[in-house]
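Undergrad: Output the structure for:
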Amino acid sequence: VFEALPKIRVLYLHGNPATQRIADVWGSYRKMVLARLQGLTFLDERPVHKNEMRFSVAWLEGGMAAESQERVRIMEEREEEERSNHVHLMEL
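TA: Residues are numbered from 1 along each chain as shown. Got it, this is the predicted structure:
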């Protein structure tokens, strides 16, 4: 069903019984919805952040192990960006 809505940006299902059924089947309602609707910017009562989307996609593709690896990649990217910013600052 979700793949039929590729342009949807905001989804509010809070309180809908479908959310519990999704969680029962997939283990996580929010992660599953975010991984399937990667254009979302807001789900229920919370904004969707870029890293949360990356975690969710990794989780759907490879479970908790893949999500953990994605978290490490994001942390490494952030550290590299900080190192690069420091180098550029020192060059000023």
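
Undergrad: ok, which stretches of this protein are strands?
TA: Remark: strands assigned in the chain by DSSP state E are 10-11, 42-43, 46-47.

Undergrad: Including mean pLDDT, could those strands go into TSV?
TA: Putting the strands of the chain into TSV (pLDDT from 0 to 100) gives the following:
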stretch	mean pLDDT
strand 10-11	94
strand 42-43	96
strand 46-47	96
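
Undergrad: Point out the most buried one among those.
TA: strand 42-43 (a mean of 16; mean count of other C-beta atoms under 10 Å). In short, each C-beta sits where N, CA and C put it, glycine included.

Undergrad: contacts for that strand?
TA: The contact list for strand 42-43 (C-beta atoms under 8 Å, 6 or more residues apart in numbering) reads R9, V10, L11, Y12, R30, V33, L34, V48.

Undergrad: if I pick the spatially most central residue of the chain, what's in contact with it?
TA: Closest residue to the average C-alpha location of the chain: M53 at 1.6 Å, with C-alpha atoms, centre = their mean. By C-beta under 8 Å, 6+ apart, the contact set of M53 is L34, Q38, L40.

Undergrad: try 6 Å this time
TA: L34 (C-beta atoms under 6 Å, 6 or more residues apart in numbering).

Undergrad: sorry, back to before: pull out the buried residues from the contacts of strand 42-43.
TA: L11, R30, V33, L34, V48 (16 or more other C-beta atoms under 10 Å).

Undergrad: average pLDDT across the longest helix anywhere in the chain?
TA: Scanning the chain for the longest helix, with DSSP state H as the assignment, gives helix 50-91. The average of the pLDDT scores along helix 50-91 is 95.

Undergrad: which of the contacts of strand 42-43 lies closest to A18?
TA: Relative to A18, the closest of the contacts of strand 42-43 is V33; by C-beta to C-beta it sits at 10.1 Å.

Undergrad: Once you drop chain neighbours, what's closest to the closest one?
TA: L43 (6.1 Å; C-beta to C-beta, 6 or more residues apart in numbering).

Undergrad: cool, S56 as well?
TA: L34 is the one closest to S56 (C-beta to C-beta, 6+ apart), at 3.8 Å.
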